[in-house]
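What shape does this take:
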Amino acid sequence: MEAIYPIMSGAIAQEKNLEIISNNIANVNTSGFKKDRGLFMGLDPLTESTSGEDKSVLPVYGFLSQTRTDFSPGAIQSTGEPLDLAIEGDGFFAVQTPEGIRYTRKGNFTLNSEGQISTAEGGLLMGTSGPITLPPGTVHIDQAGKVSVNGSEIDSLQVVSFSNPNNLAKTGGTFFEAGGEGALPATEAKIHQGSIEGSNVNPIEEMVSMIRVMRLYEAAQKVIHAVDDMASRASNEIGKV
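Numbering: from 1, shown residues only. Predicted coordinates for the structure are as follows:
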């Protein structure tokens, strides 16, 4: 019966993988969303020892070792809205939230009641001098991130990058926490005003992954039922003896 445990571990990992894929699909139309991938380690079904490296495809025997975010860019989509912003290249907008500074690629900003550029959740878009407050007038933001109103420069966007984005922790749908990773100025990033970055989720790819995971889960279930049936028969035969 001990052989059933690594199989159960694989089935549980498939369930977790299905949750990750389902969340990706749910955010296919979320601006700035970055899809997640489960990484797995295989198990030797006889010794239950780990084998191999982290893989994006899970065998029947295995467990979820970590979840990693794919930071590849989404397509830049034109909206014509002056406070919609997209980043071309590496970089994140810095946003002040009640929990501290968070980083995002979601660029559909708006003005709050105090004239500050904010996210839909109420976080404040940070400039080099703090939260950006706009006076009335025509807003222009150039590719370097300089913010001007009626031709007068107000501030510059605080756009940052990280030497290893994999160390960022996802704290919400599109927000990340730096943790111990130091933020650096994203000097190569280009800002596109009147545009947003779409999700980097490929729905067809995710559906294919979901089908594969469901088949692996079903395979694990069949093995579990077969092992359980064999154990039951063996118990009955021993009883007869």
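
C-alpha only now, for contacts and for neighbours.
OK.

I figured residue 155 was touching residue 149, is that so?
No. Under the criterion of C-alpha atoms under 8 Å, residue 155 makes no contact with residue 149, lying 9.8 Å away.

If you count surrounding residues, which of these two has more?
Counted by other C-alpha atoms under 10 Å, residue 155 and residue 149 do not tie: residue 155 has more neighbours, with 21 against 16.

Now for the more buried one: which residues touch it?
Counting by C-alpha atoms under 8 Å, 6 or more residues apart in numbering, residue 155 touches 127-129, 132, 146-148.

and if we set it to 7 Å?
Residues in contact with residue 155 (C-alpha atoms under 7 Å, 6 or more residues apart in numbering) are 127-129, 146-147.

Paired strands for whatever helix or strand it lives in, with orientation please.
Element membership of residue 155 [criterion: DSSP states H and E] is strand 152-156. Strand 152-156 sits in its sheet next to strand 146-149 (antiparallel), going by DSSP bridges.

contacting residues around the partner strand?
Contact with strand 146-149 is made by 137-141, 153-157, as judged by C-alpha under 7 Å, 6+ apart.

ok, and the most crowded of these?
That'd be residue 157 among the contacts of strand 146-149, by other C-alpha under 10 Å, with 23 neighbours.

Okay, that residue and residue 189: tell me how far apart.
11 Å (C-alpha to C-alpha, to the nearest Å).

Then residue 10?
Per C-alpha to C-alpha, residue 10 is found 41 Å from residue 189.

Report pLDDT for residue 213.
The per-residue pLDDT reported for residue 213 equals 86.

Dihedrals phi and psi, it?
Residue 213 adopts backbone torsions of phi -60, psi -40, taken as degrees, to the nearest 10.

Quick check: chain neighbours aside, which residue is closest to it?
By the measure of C-alpha to C-alpha, 6 or more residues apart in numbering, the closest residue to residue 213 outside its immediate chain neighbours is residue 14, 6.1 Å from it.

and the one you found, what pLDDT?
Looking at residue 14, its pLDDT is 82.

Tell me how many other residues surround it.
Counted with other C-alpha under 10 Å, residue 14 comes out at 30.

so it makes contact with residue 217?
Yes. Using C-alpha atoms under 7 Å, residue 14 makes contact with residue 217 at a distance of 5.9 Å.

what about stretch 91-103, distance to the chain center?
Between the centre of stretch 91-103 and the centre of its chain there are 16 Å (C-alpha atoms, centre = their mean, to the nearest Å).

Next: stretch 186-200.
Mean-position distance between stretch 186-200 and its chain equals 17 Å (C-alpha atoms, centre = their mean).

Enumerate the positions of that stretch that are buried.
For stretch 186-200, a neighbour-count test (16 or more other C-alpha atoms under 10 Å) marks 186, 189-200 as buried.

before we move on, what about stretch 151-170?
Under 16+ other C-alpha under 10 Å, the buried positions of stretch 151-170 are 154-162, 165, 167-170.

send the alpha carbons of that stretch over as PDB?
Provided in PDB are the C-alpha atoms of stretch 151-170 (Å, rounded to 0.1, in the frame of the first residue of the first chain):
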ATOM      1  CA  GLY A 151       3.600  72.000 -21.400                       C
ATOM      2  CA  SER A 152       4.900  72.400 -17.800                       C
ATOM      3  CA  GLU A 153       6.800  69.400 -16.400                       C
ATOM      4  CA  ILE A 154       5.300  68.100 -13.200                       C
ATOM      5  CA  ASP A 155       7.300  65.000 -12.300                       C
ATOM      6  CA  SER A 156       8.700  61.800 -13.800                       C
ATOM      7  CA  LEU A 157       7.300  58.300 -13.400                       C
ATOM      8  CA  GLN A 158       9.100  56.100 -11.000                       C
ATOM      9  CA  VAL A 159       9.600  53.100 -13.300                       C
ATOM     10  CA  VAL A 160      11.900  50.400 -11.900                       C
ATOM     11  CA  SER A 161      13.400  47.100 -12.800                       C
ATOM     12  CA  PHE A 162      14.900  44.100 -10.900                       C
ATOM     13  CA  SER A 163      18.100  42.100 -11.500                       C
ATOM     14  CA  ASN A 164      16.100  38.900 -10.800                       C
ATOM     15  CA  PRO A 165      12.300  39.400 -11.200                       C
ATOM     16  CA  ASN A 166      11.800  35.700 -10.100                       C
ATOM     17  CA  ASN A 167      12.500  37.000  -6.500                       C
ATOM     18  CA  LEU A 168       9.300  39.200  -6.700                       C
ATOM     19  CA  ALA A 169       6.300  37.900  -4.800                       C
ATOM     20  CA  LYS A 170       2.900  38.200  -6.300                       C
END
